[in-house]
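*Asks:* 3D model of this:
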Amino acid sequence: MRVPEAPGALTRLGAMSTLSRDEVARVAALARIDLTPAELDRLAGELDVIVQSVARVSEIATPDVPATSHPLPLSNVFRADEPEAPLDRDEVLAQAPAAEDGKFLVPQILGEDA
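*Replies:* Numbers count the residues shown, from 1 in each chain. You can find the predicted model right below:
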């Protein structure tokens, strides 16, 4: 599914060659995140790389390229759902370690009164 783009989104991404430290500080303040000067410098560089990468992908993603959710086509690997005769209860219970009154008998584990 292709996400609708805001008008001029590609232009804004392409025009942003660098993110300044002040822009990162402004966004951090809006998000109420307190960053040190060293963190502002580091994040400005990292966010700039991310913005440039998004701009590059946006250049490649043209209308003639179909949107995909997976790189490879998916197919259902389950068998066909066809009704079959149920297993015989007596035969199944005969293979159980313990059975009583047509049910599996298992040890009590919760310490509840019977």
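
*Asks:* from here on, contacts and neighbour counts on C-alpha atoms
*Replies:* Will do.

*Asks:* immediately after the least confident helix or strand in the chain by mean pLDDT, which helix or strand?
*Replies:* When each helix and strand of the chain is scored by mean pLDDT, DSSP states H and E, helix 9-15 comes last, with a mean of 44. For helix 9-15, the following helix or strand on the C-terminal side (DSSP states H and E) is helix 21-30.

*Asks:* buried stuff in that following helix?
*Replies:* Residues of helix 21-30 classed as buried by neighbour count (16 or more other CA atoms under 10 Å): Arg21, Val24, Ala25.

*Asks:* what residues does it touch?
*Replies:* Contact with helix 21-30 is made by Asp34, Leu35, Leu40, Asp41, Leu43, Ala44, as judged by CA atoms under 8 Å, 6 or more residues apart in numbering.

*Asks:* C-alpha coordinates for it, PDB please?
*Replies:* In PDB, the C-alpha atoms belonging to helix 21-30 read as follows (Å, rounded to 0.1, in the frame of the first residue of the first chain):
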ATOM      1  CA  ARG A  21      22.200  21.600  15.400                       C
ATOM      2  CA  ASP A  22      19.600  24.400  16.100                       C
ATOM      3  CA  GLU A  23      16.900  22.400  14.200                       C
ATOM      4  CA  VAL A  24      17.600  19.300  16.200                       C
ATOM      5  CA  ALA A  25      17.500  21.400  19.400                       C
ATOM      6  CA  ARG A  26      14.100  22.900  18.400                       C
ATOM      7  CA  VAL A  27      12.600  19.500  17.700                       C
ATOM      8  CA  ALA A  28      14.000  18.100  20.900                       C
ATOM      9  CA  ALA A  29      12.500  21.000  22.800                       C
ATOM     10  CA  LEU A  30       9.100  20.300  21.100                       C
END
